[in-house]
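Undergrad: Coordinates only, no sequence provided:
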């Protein structure tokens with residue numbers, strides 16, 4: 001539980017980015033000295049959809065058995081949760097974009113956005129940064145593969161001071177997500 005930043009370079013500053021709701025999410029900002037150059041890394045876990053085990057089981061059973069009788073009630077139940085969580089993430093994304101703007105081109109933003117590259121959340125946070133997986137990855141890049149949900153919701157975005165060298169999705173699950181491995185170079 002929680003977030004961490006491990007660096008072979010000195011971490012000069014660590015601060016929490018206030019996302020207003022701290023129960024299931026968080027954001028931390030790290031200022032890292034890379035050979036005399038200040039790099040800002042913002043690590044995020046944005047608002048979860050908070051599906052319960054009962055809801056996940058209902059979803060799996062509905063998909064597996066093509067249960068058309070219960071699909072409407074399940075759809076309404078899940079859509080309410082998706083809507084509520086997306087509204088919270090939208091506020092978090094708006095705030096994060098303001099924080100990111102303070103640091104210019106030497107910023108890296110990563111973590112579990114709990115949203116796909118087609119979402120408002122992703123585009124708001126991304127701004128004019130680049131996505132390492134889009135630039136150098138291959139395939140659909142599924143980082144979350146659990147309970148019949150298959151999405152790329154973990155991202156690494158970077159400012160103009162960097163270029164992506166490589167990225168790949170790991171095949172070991174240390175959680176309900178697969179790790180995203182990225183190599184960046186400073187221009």
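TA: Arrived safely, thanks for sending. Remember, it's a predicted structure, so these values are computed and weren't measured experimentally.

Undergrad: Surely residue 25 and residue 48 touch.
TA: Yes - with contact defined as Cβ atoms under 8 Å, residue 25 reaches residue 48; the gap is 6.8 Å. For glycine as for every other residue, the C-beta is placed from the backbone atoms N, C-alpha and C.

Undergrad: who does the lowest-mean-pLDDT helix or strand in the chain touch, helix- and strand-wise?
TA: Using mean pLDDT, DSSP states H and E, the weakest-scoring helix or strand in the chain turns out to be helix 53-65, at a mean of 79. Here helix 53-65 touches helix 71-101, going by 3 or more Cβ pairs under 8 Å, 6 or more residues apart in numbering; DSSP states H and E.

Undergrad: From the contact counts, what lies against the helix it packs on?
TA: Partner elements for helix 71-101 (3+ Cβ pairs under 8 Å, 6+ apart): strand 26-34, strand 37-45, helix 53-65, strand 107-112, helix 120-126.

Undergrad: So between residue 25 and residue 48, which is more surrounded?
TA: Taking neighbours as other Cβ atoms under 10 Å, residue 25 and residue 48 compare with residue 25 leading, 21 against 15.

Undergrad: per-residue pLDDT, the more buried one?
TA: With respect to pLDDT, residue 25 has a value of 81.

Undergrad: ok, so what distance separates residue 125 from residue 43?
TA: 12 Å (Cβ to Cβ, to the nearest Å).

Undergrad: before we move on, what about residue 165?
TA: For residue 165, the distance to residue 43 - Cβ to Cβ - is 20 Å.

Undergrad: more neighbours, these two?
TA: The neighbour comparison of residue 165 against residue 43 (other Cβ under 10 Å) goes to residue 43, with 19 against 12.

Undergrad: from what I can see residue 121 touches residue 113, true?
TA: Yes - with contact defined as Cβ under 8 Å, residue 121 counts as touching residue 113 (5.8 Å).

Undergrad: which neighbours do those two share?
TA: 46, 89 (Cβ atoms under 8 Å, 6 or more residues apart in numbering).

Undergrad: about what we covered before: of the helices and strands packed on helix 71-101, which approaches residue 171 most closely?
TA: Closest to residue 171 of these is strand 107-112 (Cβ to Cβ; 18.0 Å).

Undergrad: ok, residues contacting the closest one?
TA: Contacting residues not belonging to strand 107-112 are listed as 3, 27, 39-46, 96, 100, 125, 129, 153-159, 162, 177, 180, 182, 184 [Cβ under 8 Å, 6+ apart].
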